[in-house]
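1. pasting the structure only:
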């Protein structure tokens, strides 16, 4: 029996790179399609939360926002000191294509936060930049910014 060497197998062809998943696709954003928000998002911000008397400062550790396909949602905000709160959200698009996220009620739990609202502008397929402000309570008018992404 004679064994002949086999030709080496051809190198596998690389698969084409798939484009990154678009969480905020331009066409759906332009159509003001609230269904693109369905699921959970994070708002990344550097904010220290204080009691209304100026005591008890603690930074936000996480800010999770989850929406249904119609813009109704819930948020959970957790501070580094362990306090947290939950509350309702409502999202809509303004005529100028900014995403408006409002809090119909304050955020309650071991932490109580006055209502705020955010205007978010799409930065690309993966995130939006949000400018927010507190709309009630002793800190009414307090401004903050953050990045909104999955």
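-> Thanks, I have the structure now. Predicted model only: the values in this text are computed from it and were never measured.
2. Find the least confident helix or strand in the protein, judged by mean pLDDT.
-> strand 48-49 (a mean of 88; mean pLDDT, DSSP states H and E).
3. now for it, which elements pack on it?
-> Using 3 or more Cβ pairs under 8 Å, 6 or more residues apart in numbering; DSSP states H and E, the elements in contact with strand 48-49 are strand 58-67. Just so you know, the C-beta spots here come from the backbone N, C-alpha and C atoms, and that holds for glycine as well.
4. how about the strand it packs on: buried residues?
-> 58, 60, 63, 65, 67 (16 or more other Cβ atoms under 10 Å).
5. ditto for stretch 73-89
-> 73, 75-79, 83-85, 87, 89.
6. Determine which two of the residues you listed are furthest apart.
-> 73 and 83 (21.1 Å; Cβ to Cβ).
7. related to what we said a few turns ago, what's in contact with the least confident helix or strand of the chain?
-> For strand 48-49, the surrounding residues in contact (Cβ atoms under 8 Å, 6 or more residues apart in numbering) are 56-60, 79, 111, 113.
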